[in-house]
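>>> generate a structure from the sequence data that follows.
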Amino acid sequence: MVQLATRLSQADSPPTEPDSALVGGSNSAFPLPLEGCIQRGAGSRVWDEDGREYLDFLLASGPLILGHAHPRVTEAVARQLADGSAFHAINRPALDLAERVVAVPGCVEMVRFASTGTEATLHALRLARAHTRRDKALIFSGAYHGSHDTSLIGLRGARAQRGGVPRSSFQDTVVARFNDIDSVEAAFAEHGDSLAAVLIEPQQRGRDPLPEFLPRLAELCRESGAVLIFDEVLTGFRLAYGGAQEYYGLEPDIVCYGKILGGGFPLSAVGGRAEIMRLADPARSRKSRYVHISGTLSGNPISAAAGLATLAELEAPGVYARLHELGKRLRSGLRVQFMTHGVQGSVIGSGPVAAVHFEDRDGPGSGDDLRSAVNAELIRRGVLAQLHTRFYVSLVHTEVEIDTAVEAFGEALAAATKGAATNGASRAG
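The predicted structure follows:
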């Protein structure tokens, strides 16, 4: 295996929170077992405060498709920073980025900026409700649309109520199963007249839709008058320049962007057909149907400048062929490691992502436990990834780095399964 210049200590002691004032030691839903804070990043690598180096497949949970500190992005941000960071008023970078998004083939005729993916999907649902004068939304079990109530109902089911989601939110949320058109048709049969929207990740947690699934879903939406919303916070500008709309060949009514759009800075957007988007025009604020979409830092010029620089790089010829080639190499390699080490698992995804799943071979939750153990071993070997979400691939990753990560994954599988077997034998004894 090609060794990184510096690797994480092999100490067996569990990592401690780098700062006890920060709940959980991280703002992530899945804190990583790191021994210290990440201090800097460059290209495909990051370093912590003690100088330990990691090959990075986390990429800040996906925004950094150009890698860390890309020269074109940092130059654009530095130029704008010298002129000011926020105005809460129309500014040229935000206007230029809005025009760039509208120019992407697809449903977007007008756009409104926010700062996070959570905000974008929340605003999209509100627009749909105002447009249709209905309340209910259909979502898909296991999907993730951020941390608002509707999203958490789909992600965590009944457990969401114990996490602070009010009972009233459940009344207006209908849950179907991704790629199961029968469950969708049943939901429309029961709730079609009251459905304001269908909110869907067109590629749900790395799973591609079946060929007939999205077209039939769109047909049901048209027949019932529900608004079809694509959550492209993850897939936007990743599967193709035109995102999932281009990749799967289907246009929704509204699309939500995030992650890549801001080039590593806080920025998201909700865009769609003009007749729906105009409901967010502040000039309508005294009318009966007006959707309030605003945020102090939404559309700030720093994030917009970073986004413009990022999209300019992604428009270059051959970019997406390269990203798909690297993603395919990674997924193929990971599958080989599963087979080589006799571990029951799967690798899914398309484009520059790979989602890894472990089967519950030894009882409920055993797959998650093994995944966490493999993740810790992977980080010990100098590869930063979050296996509870996915591997992200950037344009600056090389074939050698992909192969390094694959080999480290194999070593992590071997170490984690050996440790599980040893612990099991000790408990049995």
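>>> drop to CA atoms for contacts and neighbour counts, all remaining ones
OK.
>>> quick one: the helices in the protein?
Secondary structure of the chain by DSSP state H: the helices cover 71-81, 92-103, 117-132, 149-156, 159-162, 167-171, 181-191, 213-224, 243-248, 274-277, 301-314, 319-340, 366-380, 399-428.
>>> which of those helices sits closest to Gly24?
Checking the helices of the chain against Gly24 by CA to CA gives helix 366-380 as the closest, at 16.0 Å.
>>> can I get that closest one in CSV? Just the C-alpha atoms.
Coordinates of each C-alpha in helix 366-380 appear next as CSV, following Å, rounded to 0.1, in the frame of the first residue of the first chain:
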residue,chain,number,x,y,z
SER,A,366,-24.4,-5.4,14.1
GLY,A,367,-23.9,-3.9,10.6
ASP,A,368,-23.8,-0.4,12.0
ASP,A,369,-21.3,-1.5,14.7
LEU,A,370,-19.0,-3.1,12.2
ARG,A,371,-19.3,0.0,9.9
SER,A,372,-18.2,2.2,12.8
ALA,A,373,-15.3,-0.1,13.6
VAL,A,374,-14.2,-0.2,10.0
ASN,A,375,-14.4,3.6,9.9
ALA,A,376,-12.2,4.0,12.9
GLU,A,377,-9.6,1.6,11.4
LEU,A,378,-9.8,3.4,8.1
ILE,A,379,-9.0,6.7,9.8
ARG,A,380,-6.1,5.1,11.7
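>>> okay, the angle between it and helix 399-428?
130 degrees (axes from the mean of the first three to the mean of the last three CA atoms, to 10 degrees).
>>> quick one: residues in contact with helix 366-380.
With contact meaning CA atoms under 8 Å, 6 or more residues apart in numbering, helix 366-380 is reached by 7-10, 32-34, 54, 357-361, 384-388, 408-409, 411-413, 415-417, 420.
>>> may I see the helices of the chain organised as a markdown table, with distance to Val347 added?
Converted to a markdown table, those look like this (distance: least, CA to CA, whole Å):
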| stretch | distance to Val347 |
| --- | --- |
| helix 71-81 | 32 |
| helix 92-103 | 32 |
| helix 117-132 | 25 |
| helix 149-156 | 20 |
| helix 159-162 | 27 |
| helix 167-171 | 32 |
| helix 181-191 | 23 |
| helix 213-224 | 21 |
| helix 243-248 | 20 |
| helix 274-277 | 38 |
| helix 301-314 | 26 |
| helix 319-340 | 6 |
| helix 366-380 | 13 |
| helix 399-428 | 12 |
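>>> of these, which approaches Lys287 most closely?
When the helices of the chain are compared by CA to CA, helix 117-132 sits nearest Lys287, at 11.6 Å.
>>> follow-up on the earlier one: would you write a ChimeraX line that selects the buried entries of the contacts of helix 366-380?
Only the buried entries of the contacts of helix 366-380 go into this ChimeraX selection, using 16 or more other CA atoms under 10 Å:
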select :7,8,32,33,34,54,357,358,359,384,385,386,387,388,408,409,411,412,413,415,416,417
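>>> state the distance from the closest residue to Gly106 other than its chain neighbours to Gly243.
Spatial nearest neighbour of Gly106, chain neighbours left out: Glu251 (5.8 Å); criterion: CA to CA, 6 or more residues apart in numbering. Distance, Glu251 to Gly243, using CA to CA, to the nearest Å: 11 Å.
>>> again, but for Phe87
Noted for Phe87: a distance of 30 Å to Gly243, by CA to CA.
>>> now swap in Arg286 and tell me
Taking CA to CA, one finds Arg286 at 36 Å from Gly243.
>>> ok, back up a step: quick check, pLDDT for the residue nearest to Gly106.
Looking at Glu251, its pLDDT is 98.
>>> what's the closest non-adjacent residue to Lys259?
Pro63 (4.2 Å).
>>> so that neighbour touches Ser268, yeah?
No: look at Pro63 against Ser268 with CA atoms under 8 Å: they stay out of range, at 11.0 Å.
>>> who touches both of those two?
258-259, 261-262.
>>> which of the residues you listed sits closest to Gly333?
Of the shared contacts of Pro63 and Ser268, the one sitting nearest to Gly333 (CA to CA) turns out to be Lys259, at 26.1 Å.
>>> how many neighbouring residues does that closest one have?
28 (other CA atoms under 10 Å).
>>> go on, Tyr241?
Tyr241 has 19 nearby residues by other CA under 10 Å.
>>> same check on the one 4 residues further on?
Around Gln245 there are 23 other residues, counting by other CA under 10 Å.
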